[in-house]
Structure formats: C-alpha cells, structure tokens
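Asker: Just the structure for this:
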Amino acid sequence: MVERFPLGQLVATPRALEALRESKETALQFLRRHAQGDWGEVCKEDRRANDRALQDGERLLSAYRTARGTRLWVITEADRSSTCILLPEEY
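Answerer: This is a model prediction of the structure:
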C-alpha cells in the first residue's frame with residue numbers, strides 16, 4: 001500500500017465499529033482507500049480541499065458507505081497525529 005500521508009494513531013467510534021461489524025467489513029479497507037487519496041463520496045469542493053491539504057498540511061476528510069449503506073467518515077487531523085473513523089452525525 002502506498003500511503004500519500006501518515007495516518008497517525010488510528011481510532012474509531014463505537015457506532016462506526018458497530019456499522020463495520022454489521023456490514024462484515026473491516027476498518028482497514030476504508031483506511032487504505034483514505035491513505036491512498038481515494039476520498040470516496042465527497043463533493044468536488046471537499047475533493048479539491050483534500051488535494052490542497054496534502055500540500056498544505058490541513059485536515060483530510062473521506063466519505064464512504066459500508067456494504068449495508070451506512071455512511072462513514074474517515075478524518076485525518078491536520079498534524080497527521082491521528083485518523084478517526086466515525087459516522088457523520090458523530091462529528
């Protein structure tokens with residue numbers, strides 16, 4: 001896996017972990033996509049913001065859906081100290 005940026009400490013909310021269990025998926029597949037710069041289902045503006053953030057060191061946001069349709073966000077902090085998987089309503 002070629003990471004475009006460091007993920008830092010990996011954390012997830014209990015509700016996000018439950019959504020992953022229900023869909024029989026792992027956090028790793030979403031973290032891989034995020035780390036490779038596949039931002040998932042974000043709008044054009046957020047996609048551009050992420051691409052700029054790779055250069056400027058700002059926060060990175062990806063949005064995905066589990067196999068059961070639950071929306072997940074993956075957010076890497078600006079200082080790249082941590083990455084969190086959460087549901088959008090938990091932000």
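
Asker: and R4, how many neighbours?
Answerer: By other C-beta atoms under 10 Å, 13 other residues sit near R4. Any C-beta I mention is one placed from the backbone N, CA and C, and that applies to glycine too.

Asker: scratch that, G8 is what I was asking about
Answerer: Neighbours around G8, by other C-beta under 10 Å: 14.

Asker: residue contacts, it?
Answerer: Shown in contact with G8 (C-beta atoms under 8 Å, 6 or more residues apart in numbering): 76-77, 79-83.

Asker: Looking at these, which two lie furthest apart in space?
Answerer: Pairwise distances across the contacts of G8 peak at 11.4 Å for D79 and T83 (criterion: C-beta to C-beta).

Asker: Please identify which of these two sits among more neighbours.
Answerer: T83 (23 against 11).

Asker: Can you spell out which residues form a bridge with the more buried one?
Answerer: Beta-bridge partners recorded for T83 (DSSP bridges): L10, T76.

Asker: Contact partners for it?
Answerer: So T83 contacts 7-11, 31, 34, 74-77 (C-beta under 8 Å, 6+ apart).

Asker: which residues sit in contact with the most centrally placed residue in the chain?
Answerer: The centre of the chain sits closest to V74, judged by C-alpha atoms, centre = their mean, with a distance of 1.9 Å. Going by C-beta under 8 Å, 6+ apart, V74 touches 30-31, 34, 40, 61-64, 83-85.

Asker: switch the cut-off to 6 Å
Answerer: Applying C-beta atoms under 6 Å, 6 or more residues apart in numbering, one finds that V74 lies in contact with 30, 34, 62, 85.

Asker: Just the buried ones among the residues you listed, please.
Answerer: 30, 34, 62, 85 (16 or more other C-beta atoms under 10 Å).

Asker: Can I get those residues in CSV including secondary structure?
Answerer: Shown next, in CSV, are those (DSSP: H, G, I helix; E, B strand; the rest coil):
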residue, secondary structure
F30, helix
H34, helix
S62, strand
I85, strand
